[in-house]
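Return a 3D structure for these sequence lines:
(one chain, ligands or ions: 2)
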Amino acid sequence: MESLAQKFALKFTRVNFVQEKVANRYYHRDNLVKIKSPTTTTITTLTAPPPTRNTRVFSPISVSKRADGAGEEPDLKTIRIRDPVSSANMASHDPILKDDRIAGISSAIRVIPDFPKPGIMFQDITTLLLDTKAFKDTIDLFVERYKDKNISVVAGIEARGFIFGPPIALAIGAKFVPMRKPKKLPGEVISEEYSLEYGTDKIEMHVGAVQAGERALVVDDLIATGGTLTAAIRLLERVGVEVVECACVIELPELKGRDRLGDKPLFVLVSSA
Ligand SMILES: O=P(O)(O)OC[C@H]1O[C@H](OP(=O)(O)OP(=O)(O)O)[C@H](O)[C@@H]1O
Ligand SMILES: Nc1ncnc2[nH]cnc12
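Ligands and ions are numbered 1, 2, ... in the order given. Take a look at the predicted model:
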C-alpha cells in the first residue's frame, strides 16, 4: 500500500516525465529553450480566453487578406506579436530572402501556445493549407528551387512531410517516397533509429523504393532538433542515395537542428526566430 506521501511523489514524477519527454519533440519554452521574446508568436482570442490544452482554437487566424475582404473573419480578434517575415536562417544570400510571397506564408501559419502540452508553441501548418495562395506559393517556391536540380526522389517524412512532398515531386518530375513511422509500411522495410532525450524513435522506408545513385530531396514541414531529418538522411544514404538538400517550411533555429545536419544543406522558408 502506498502512503499519501508516496502517492504524491509518484504523481509528480510522472508529470515531470511526460513533460520532459514531450519537450524533446516540441519547442518547449521551459525545458528546451527559453523564449525570451516570442517574436514569432501569433495569439488568437475569440471572446474566450487564450487557447489552452483543452480549448484549442481551430479558426484560421491570419489568412492573407484579399482586396475583396474575403478571408477575413470579423469575429476573430488577432493579436499578432511577430514580424511576419523572419528568415535569418534561410540559405544566406539567397534571392528568396527578398521574395514577397514569404510574408504571406509566414502569416498563414498559426502558432498555438500550450499545445499539445503547456509551454509548447505549436506551429500549425493546417491554416497555411486553408489559404490557397499561401499554400500554392509554398509549393511554388520549392518547385522553383528544385526543378532543374536533377532530383529523382522526393522523400517526405510522416506526417506533415506527406502534405508538402507530393505536389513538389509531381511538379519536378520526381517520385515520392514516404518515410513512415514504425509498422505502417506493408512491404519489406529498412529502418533508421534515432535518439530522443528519453528513448528512441524510428522511421522506415520500403526496400526497393529508391536505387543507389539516385538524387533525393528530403521534405518535412518543420525542423526542430533535427533528429528526424538526420535519420531520414542516414536511411537514404545507407542505400546509396545522394541527399541533395533538406527542405522545410519552418525552422525553429534556437533548437539548432541545422547544426545536427552537419554539411547537409537545409532550405527553409520561415524561421521562427
Ligand atoms: O527536428 P525534430 O526535433 O526531429 O522534430 C521535427 C519533427 O517533429 C514533427 O513531427 P512529429 O514527430 O510531431 O510527428 P507528426 O508529424 O506525425 O505529428 C515535425 O513534423 C517533424 O517531423
Ligand atoms: N513547436 C512545434 N510545432 C509543430 N511541430 C513541432 N515539432 C517539433 N516541435 C514542433
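
Please make it C-alpha for all contacts and neighbour counts, starting now.
Fine.

And residue 253, how close does it get to residue 198?
Here residue 253 is placed at a distance of 22 Å from residue 198 (Cα to Cα, to the nearest Å).

for residue 262, same thing?
23 Å.

So between residue 253 and residue 198, which is more surrounded?
Using other Cα atoms under 10 Å, the more surrounded residue of residue 253 and residue 198 is residue 253, with 17 against 11.

how about the helices in the chain?
Assigned by DSSP state H, the chain shows helices spanning 4-25, 101-108, 126-130, 132-146, 161-172, 227-238, 257-260.

Okay, buried residues for the third one please.
Counting neighbours by 16 or more other Cα atoms under 10 Å, one finds that the buried residues in helix 126-130 are 126-129.

So which elements touch that helix?
helix 101-108, strand 110-113, helix 132-146 (3 or more Cα pairs under 8 Å, 6 or more residues apart in numbering; DSSP states H and E).

want to try JSON lines for these, with distance to residue 168 and mean neighbour count as columns?
Below are these laid out as JSON lines (distance: least, Cα to Cα, whole Å; neighbours: other Cα atoms under 10 Å):
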{"stretch": "helix 101-108", "distance to residue 168": "16", "mean neighbour count": "24"}
{"stretch": "strand 110-113", "distance to residue 168": "22", "mean neighbour count": "24"}
{"stretch": "helix 132-146", "distance to residue 168": "6", "mean neighbour count": "17"}
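
Redo these as CSV? Include mean pLDDT and distance to residue 153.
Compiled in CSV, these are given as follows (pLDDT from 0 to 100; distance: least, Cα to Cα, whole Å):
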stretch, mean pLDDT, distance to residue 153
helix 101-108, 97, 25
strand 110-113, 97, 30
helix 132-146, 98, 11
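
now the ones you listed in TSV, with distance to residue 239?
As requested, the helices and strands packed on helix 126-130 are exported to TSV (distance: least, Cα to Cα, whole Å):
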stretch	distance to residue 239
helix 101-108	35
strand 110-113	37
helix 132-146	22
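
Not counting its neighbours along the chain, what's nearest whatever residue of the stretch 51-200 of the chain ends up closest to ligand 1?
Closest approach between the stretch 51-200 of the chain and ligand 1, counting by Cα to the nearest ligand atom: residue 159, at 4.1 Å. Nearest non-adjacent residue to residue 159, counting by Cα to Cα, 6 or more residues apart in numbering: residue 180, 7.8 Å away.

Just confirm that neighbour contacts residue 155, I think it does.
No: the criterion here is Cα atoms under 8 Å, and residue 180 misses it with residue 155 at 10.2 Å.

Which positions in the stretch 101-250 of the chain make contact with ligand 1?
Applying Cα under 6 Å from any ligand atom, we find that the stretch 101-250 of the chain lies next to ligand 1 at 158-160, 220-228.

of these, buried ones?
For those, buried by 16+ other Cα under 10 Å: 158, 220-228.

Settle it for me: which of residue 180 and residue 155 has more neighbours?
A direct count of neighbours by other Cα under 10 Å for residue 180 and residue 155 places residue 155 higher, at 29 against 22.

before we move on, back to that, and the residue nearest to residue 159, what does it touch?
The contact partners of residue 180, by Cα atoms under 8 Å, 6 or more residues apart in numbering, come to 157-159, 203-205.

Residue 271: which of the residues you listed is nearest?
Nearest to residue 271 among those is residue 157, at 19.3 Å by Cα to Cα.

Now for the closest residue to that closest one other than its chain neighbours, how many residues are close by?
Excluding its sequence neighbours, the residue lying closest to residue 157 (Cα to Cα, 6+ apart) is residue 179, at 4.9 Å. When neighbours are counted by other Cα under 10 Å, residue 179 registers 26.

The residue nearest to residue 129 when sequence neighbours are not counted and residue 204: what is the separation?
Leaving out its chain neighbours, the residue that sits closest to residue 129 by Cα to Cα, 6+ apart is residue 135, at 5.4 Å. For residue 135, the distance to residue 204 equals 27 Å [Cα to Cα].

Also residue 217?
Remark: distance between residue 217 and residue 204 (Cα to Cα) = 16 Å.

try residue 172
Applying Cα to Cα to residue 172 and residue 204 gives a distance of 24 Å.

Look up the residues forming beta bridges with the residue nearest to residue 159.
When bridges are called by DSSP bridges, residue 180 pairs up with residue 204.
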